[in-house]
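> how would this look folded up:
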Amino acid sequence: MNTKWILTVGLAPLFALACSSTPDATGTTTASTTTTAAAGGGGGAGGGTQTLPDQPSQHASKEIVARGKYLIDSVFACGVCHTPTGKDGKPDMKMYLAGSRSYEFPMKDGTTNVVNAENITQHPEQGIGLWTDEQIQNGIAKGVDDQDVAFWPIMPYPEYALLTDADLFAMVSYLRTIPGNANVVPADTYEPPAGEPPAASAKDSEIPHTTLAKGDPDYAAAERGRYLATGACIQCHTEELSPGVADFTKAYAGGRKHKSNSDAKLATSTNITPDATGLAGWTVADIVASIKGNTDKTGKALCSASPMGHGYMGDMTDADMTDIATYIHTLPPIKNGPFTCE
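Now for the predicted structure:
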């Protein structure tokens, strides 16, 4: 894909299997076959006819694919960026994951970089249909496209680098099932210099743990929540040192700003640590209700940029929402804010 510093999903070394072998639904390795796809330009892996070896994800079990759908649609809410909205403000499901939502970021030289969410359907030209499993996985967890061009890190690929191999594989497997959509996504307005590296991967040691003691009955739930929140929450709710590089000394303390072209308001994320400037006084049940209903503790709707509620993170299982809420409720409190939507 030749667009510049694009967004992608919203997705550690994954492939112990070589492309010459693939796991079937039971995990058994079978011989690969070869498929041929025609590529044009744009989002494909180059012009002309491309031969793409059979990929492990194409033999994933239904359970693996379902896990990938759950992560992409609910936990990480990839459609918030990659599925455009209609005039009614709701996701246009005819354009599911076909990209074109755009965001504005101020540059050091005073200009504005317009970043466009990429088409991540299986279209061979405009989407990622000709990417290998490994290239899709690299897009999710390393922030580079099939040409090794870095993505603009509004997508939390630095944090997705901490996902398990199994979850990365599940996400890739689900993306393989998305029908191709020929939607053409404009190039970003900023072209990075040749060889510009992606933002550095986050380190697990930088992510705060729950303040609960290991012997606490809720400790395991909070640590499960830590894993989910690292991919789902931390980037938006943490101020940046530079684009895509979070200041983890203020993890979850809010204050990060971004602006969508479809919304005149500048969005500022909320402090969700249990400080007086954040969620002090909220219970685990309050946080779960907020995720599920896209409302604050009083029932007021959250900011327009929020990925909570039905259709996004509000569709997570009650168990996962409770784990995330248990973790957030027991984070180290950080004074920062309070912040409003604008």
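> Quick one: list the elements packing against the longest helix anywhere in the chain.
The longest helix of the chain (DSSP state H) is helix 219-232. Packed against helix 219-232 by the contact rule (3 or more C-beta pairs under 8 Å, 6 or more residues apart in numbering; DSSP states H and E) you find helix 157-160, helix 318-329. Just so you know, the C-beta spots here come from the backbone N, C-alpha and C atoms, and that holds for glycine as well.
> export the last one as PDB, just CAs?
Meaning helix 318-329. The C-alpha coordinates for helix 318-329 follow below in PDB (Å, rounded to 0.1, in the frame of the first residue of the first chain):
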ATOM      1  CA  ASP A 318     -19.900  -8.100  30.900                       C
ATOM      2  CA  ALA A 319     -16.900 -10.100  32.100                       C
ATOM      3  CA  ASP A 320     -14.400  -8.100  30.000                       C
ATOM      4  CA  MET A 321     -16.000  -4.700  30.900                       C
ATOM      5  CA  THR A 322     -15.900  -5.700  34.500                       C
ATOM      6  CA  ASP A 323     -12.200  -6.600  34.200                       C
ATOM      7  CA  ILE A 324     -11.400  -3.300  32.500                       C
ATOM      8  CA  ALA A 325     -13.400  -1.400  35.100                       C
ATOM      9  CA  THR A 326     -11.700  -3.200  38.000                       C
ATOM     10  CA  TYR A 327      -8.300  -2.300  36.600                       C
ATOM     11  CA  ILE A 328      -9.300   1.400  36.000                       C
ATOM     12  CA  HIS A 329     -10.800   1.600  39.400                       C
END
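> coming back round to it: who touches the longest helix of the chain?
75-77, 156, 159-160, 162-163, 202, 207-210, 212-213, 252, 313, 320, 322-328, 330 (C-beta atoms under 8 Å, 6 or more residues apart in numbering).
> so how far is that helix off the chain centroid?
16 Å (C-alpha atoms, centre = their mean, to the nearest Å).
> tell me the mean pLDDT over that helix?
Helix 219-232 shows a mean pLDDT of 98.
> got the angle for that helix vs helix 318-329?
90 degrees (axes from the mean of the first three to the mean of the last three C-alpha atoms, to 10 degrees).
> What are the contacting residues of stretch 240-247?
Contact partners of stretch 240-247, identified using C-beta under 8 Å, 6+ apart, comprise 105, 143, 152-154, 157-159, 198-200, 202, 234-235, 238-239, 256.
> Just the buried ones from those residues?
Buried by 16 or more other C-beta atoms under 10 Å: 105, 143, 152-154, 157-159, 198-199, 202, 234-235, 238-239, 256, out of the contacts of stretch 240-247.
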